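Student: Sharing a sequence plus its predicted fold:
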Amino acid sequence: MRLTQARAGGAIAAALLSALPAIAQCPGDLDASGFVDGADLAVLLGAWGCTGACPGDLSQDALVDGTDLGLMLAAWGACPPSTPAAEAPLAAVALSAWPWASWVDTYNSNGSVGIAIDPAQHPDLAGRAALLWVVEDRSPAQWAASSALSDARPAGPQSITCPPGTIQGNVIALNVMGLVAGSGDAPARGYDLVLDMDQDGTLSPGDLVDGRDGGAGFWWTRDLAALGPYTTAQIASHDVNDADIIDSMELERVYYPTNAPGLRPIVAISHGNGHNYAWYDYLGNHLASWGFVVMSHQNDTIPGITSATVTTVEHTESFIDQHATMGGGVLAGKVDIDRIAWIGHSRGGESVTYGYDRLFDGTFTSPSYGLADIKCVIAIAPTDFLGTASANPHAVPYMLLYGAADGDVCGCPDSDIADSFNLYERATGLRHSTYVHGADHNDFNCCGINDFAGPSGTAIGSTLAQGVAKASILAMIRRSMFDDRAMEEFLWRQNESLRAIGQSSTVTVVREFKPAPGAASPIDDFQANTATTVSTSGGAVNAAGITNLIEALANDNNTTFTWVTTDPWNGSVRNRTTDSSRAGVFDWTAAGSITWSVPASLADFTKARALSFRAAQGTRHPNTVAALGDLDLTVTLRDTNGQERSMRIGTLGGGIEEPYQRSGFGTGAVGWQAEFETVRILLSDLLSGGGSFDLTSIATVQFRVGGADGSAQGRLLIDDLILEN
Amino acid sequence: MTTLLAVLALTIVPPPIPAPAKERPAQVPPVQAPSDLVPVPSTPASPIAIVAVQPFTIAQPYRHRFRKDGTEFTSGHLLVLRADAGFVQPRQVAEPVLCIGSQTAERLWSDPAKGLIVAIVPAWTERTDDGAERPGDPSVDLVWFAAPELPERVDAAWIAAERARAEAALSEGRLSTPSTREIVRYASLKVTLQDALIARASELAPDPAAR
């Protein structure tokens, strides 16, 4: 019973309002008796001719008339069995254009959580009062065991009114006072949301729940760039005295949590050439405070990558073998030797990648660990001396962290050795890249030489660069090592939409994310069916109004970044000729489109969570130079009945990033290597506004450019149009 | 129950959350000094000077990791060179390979600020004009920076090709010899273990910070 409304509306209204949940389940059952019968008919007839909010207005047209009588008679008799509460996304961020809300899951604990109840999708709820509960995340089994609600906030459940009208401007602020962020090692704490329509304190028919069917309704997240929950200590220098490591490369520095319970995973850090194993205190302390045991070792980089790889794999083995006794035994019984992450910088970035390749190939074996123990590999601006076969991450979860102003491993077009993204493109498993404008090579350690090679006034310095590094590396390790889904949005959402609390808003970060193959169904990843008229999945591809569409190996084919028509992949320093990462590219100066026909086998988009693709602006192309900003376009889905939903990608955070304005390797216009950025559209967002749009039967996916659909001109490299499960 | 919960619940309906405006960097970052990383110089090129040389013998064979074949040696020279910063600064991409005679040298320490490199070069032989062999000697034989490459990938054929390129440059006046050789020539060192050799090499590094 809602007292305030009962007072306002009188006895009949009170009875009716109390019965509303039942009405939603059983139209015509005005007295919630479980039957549509004479008592209900009496109520309806008593209100005959009533206009406005009237009992008996079953058609909700503000008039009680024959239409309502017809509906009641159609429902005459016993009500159908009640249906359980419905799973529906509730937590959302507001958007400045359609779909007006995006039902994402991860929220920073210094911010807000929106509650978006789309009146068009839930017309029965519009204008009704409800209690909004925030419940500690429960598994489906826990929900099945108990439907009783318990709010995690000191103030208890929140009284709200489901907004009428449209979703636009009607995202409600969740009261987050008293919510606890993080849980032990985990930076995020999960909560489920319940919209308790009958306000009975239980999850019951007619209610909406976000998070019952798996995952959490939302994740309330601590600052990933700040120290974690544990205090840390250090073994400043430990000599492993290992016969497999040359004498001058035997030292390790170890960072560990002093008060973390249980076994702690290992993170090994391999430095770059001329670097030092003691240069990564910022990362070692950070990860140790989040519960990892971090070992940074001397790395034999001067002879080359093979020698460095020996130190990477042998130090990992030595650490596993010796951890129980080093430092007076402080780590005895505290290390999880089955969970290992490798981080390498520059030549060390290649050595951790080649180390994984050697485990994969079986050219290195250890009695102490194996391939399955390496849960992820993170390369910071790695070199590519060894090329396709050896500098190859295979299917290990792989992250690339890169500074756009790197003056050493520069991403230059004249040498494959300096092209870090070659390694990234070879990764066939879950992969993520963080591309940081204004950061140079040695911003990711404490003490390397200043190698900044970006335009004046854009340098961000090591403090800001390391803030990005700490947050993104922690997110990647937790995502890949613990399947921590709360962290995934830090790997794919546009930086403008989500970044760690302590990560500066002044830093431009471009993110790529691609799930493991088992979690993705490609519509077109350009790897098969190489004609521009056929997609990977076998559907027709039609281009209209755009120009210069090709698909091929995405490899810059000359030694400059100056735009010439003979180098359509200008700036794509992401492949050697022996590599195989293909993509598409096109440009436009007027309205145009590319349309992918969706094969029947993929047409049911409700089986997926998101539609995603990656794109990058064409380096120094005249259209890119003219646009000089983020590129926007419209993604349109059409169902087999001809209904469409269209979303401007800029709505999600700015579009395809404006290239870093770095000069060199050519004359005239500026711009550097291709900055692929993932755009991930949550399919639930496309239901905003209701209607008959049918996600179970999608006929086409279309990119619309130019005209009213986005940036007036541009050139885009595109790839990995996929459905993500 | 319902009534009780309603009373306990918040009664203030929160305002809608406005959609965010597109964010742009709020501040202009400070100007950073231009890169201190010197571009890789062209090769072949000579060091500026050979500062010190010390012959040695070692009982415990020392594996030469700065060549593909990784052969072991028991004699050679420790030497200290001064060179342009571009040859001394460590970098991630390929560095010019320091060669002496028909050998590559192992870089043990470098001090970019002073332009100093401490290196070990295994013994080698040179053929004289009359076809005889003599021990190689950093005091008189060709010392140069060869093309950028990873030393672990360098073999005898590569060194020979680079040496031919250097000798051609020398004869054409495009390559000079070091202006100074052996400011200090130490007496021959005889050690048993690698640690002792490394320790001695570290003493040759003029700046402890570079060791």
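Tutor: Happy to help now that I have it.
Student: residue boundaries of the helices in the chain?
Tutor: Just going to use chain A. Along chain A, the stretches classed as helices by DSSP state H are A:3-25, A:38-46, A:66-74, A:140-145, A:281-289, A:305-322, A:347-361, A:421-426, A:461-482, A:489-492, A:622-627.
Student: my bad, the chain I had in mind was chain B
Tutor: Under DSSP H, chain B gives helices at B:2-8, B:85-88, B:156-171, B:194-204.
Student: out of those, nearest to A:T458?
Tutor: helix B:85-88 (25.2 Å; C-beta to C-beta). Backbone N, C-alpha and C define where each C-beta goes, glycine included.
Student: residues of the closest one that come out buried?
Tutor: By neighbour count with 16 or more other C-beta atoms under 10 Å in any protein chain shown, helix B:85-88 contains the buried residues B:G86, B:F87, B:V88.
Student: Out of these, which is nearest to B:W158?
Tutor: B:F87 (18.3 Å).
Student: For the closest one, list the residues it contacts.
Tutor: For B:F87, the contact set (C-beta atoms under 8 Å, 6 or more residues apart in numbering or on different chains) comprises B:P41, B:A45, B:P47, B:E95, B:P96, B:L98, B:I117, B:F145.
Student: need the strands for chain B, in chain order.
Tutor: B:49-63, B:72-82, B:95-100, B:103-104, B:106-111, B:116-122, B:125-127, B:133-135, B:143-149, B:180-185, B:189-191 (DSSP state E).
Student: Check the stretch 551-700 of chain A too.
Tutor: A:582-588, A:592-597, A:610-617, A:634-639, A:644-648, A:677-682, A:698-705 (DSSP state E, counting those that start in this stretch).
Student: how big is the angle separating the fifth one from strand A:677-682?
Tutor: Here strand A:644-648 points in a direction 140 degrees away from that of strand A:677-682 (axes from the mean of the first three to the mean of the last three C-alpha atoms, to 10 degrees).
Student: Can you list the neighbours in contact with strand A:644-648?
Tutor: Applying C-beta under 8 Å, 6+ apart, the external contacts of strand A:644-648 come out as A:97-99, A:632-638, A:681, A:685-687, A:693, A:704, A:709-710.
Student: so which of those also contact chain B?
Tutor: Near chain B, judged by C-beta under 8 Å from any C-beta of the partner chain, the entries from those are A:A97.
Student: re the thing from before, dump the helices of chain A to CSV, plus mean pLDDT.
Tutor: Shown next, in CSV, are the helices of chain A (pLDDT from 0 to 100):
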stretch, mean pLDDT
helix A:3-25, 39
helix A:38-46, 90
helix A:66-74, 88
helix A:140-145, 92
helix A:281-289, 98
helix A:305-322, 98
helix A:347-361, 98
helix A:421-426, 98
helix A:461-482, 98
helix A:489-492, 98
helix A:622-627, 96
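Student: Give me whichever of these is most buried.
Tutor: helix A:347-361 (a mean of 27; mean count of other C-beta atoms under 10 Å in any protein chain shown).
Student: do you know how far A:G714 is from A:T589?
Tutor: Per C-beta to C-beta, to the nearest Å, A:G714 is found 9 Å from A:T589.
Student: Now for the two: what residues contact both?
Tutor: A:N623.
Student: where does chain B dip in pLDDT?
Tutor: Residue ranges of chain B with pLDDT under 70: B:1-33, B:182, B:206-211.
Student: A:P257 is in contact with A:Y230, correct?
Tutor: Yes. Counting by C-beta atoms under 8 Å, A:P257 is a contact partner of A:Y230 at 3.6 Å.
Student: ok, these two, which is more surrounded?
Tutor: When A:Y230 and A:P257 are compared for neighbours, A:P257 comes out ahead with 23 against 20, by other C-beta atoms under 10 Å in any protein chain shown.
Student: quick one on the thing from earlier: could I get the buried residues of helix B:85-88 as JSON lines with distance to B:A205?
Tutor: Converted to JSON lines, the buried residues of helix B:85-88 look like this (distance: C-beta to C-beta, whole Å):
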{"residue": "B:G86", "distance to B:A205": "20"}
{"residue": "B:F87", "distance to B:A205": "16"}
{"residue": "B:V88", "distance to B:A205": "12"}
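Student: Dihedrals phi and psi, the residue of the stretch 151-300 of chain A found nearest chain B?
Tutor: Chain B sits closest to A:G274 of the stretch 151-300 of chain A, with a gap of 2.2 Å, by C-beta to the nearest C-beta. Main-chain torsions, A:G274, degrees, to the nearest 10: phi 80, psi 0.
Student: who's in contact with it?
Tutor: Taking C-beta under 8 Å, 6+ apart, we find A:G274 in contact with A:T301, A:G448, A:I449, B:Q89, B:P90, B:R91, B:S110.
Student: For it, give its distance to A:C447.
Tutor: The value you get for A:G274 to A:C447, if C-beta to C-beta is used, is 10 Å.
Student: before we move on, the earlier item: who wins for proximity to A:G403 among the helices of chain A?
Tutor: Taking C-beta to C-beta, helix A:461-482 is the member of those nearest to A:G403, at 6.3 Å.
Student: Hmm, A:S270 and A:V352 touching each other?
Tutor: Yes. A:V352 is in contact with A:S270 according to C-beta under 8 Å; the separation is 5.4 Å.
Student: joint contacts of these two?
Tutor: Going by C-beta under 8 Å, 6+ apart, residues that sit against A:V352 and also against A:S270 are A:T312, A:W342, A:I343, A:G344.
Student: Distance to A:T306 added to the residues you listed, as TSV?
Tutor: Output for the shared contacts of A:V352 and A:S270, formatted as TSV (distance: C-beta to C-beta, whole Å):
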residue	distance to A:T306
A:T312	11
A:W342	16
A:I343	19
A:G344	14
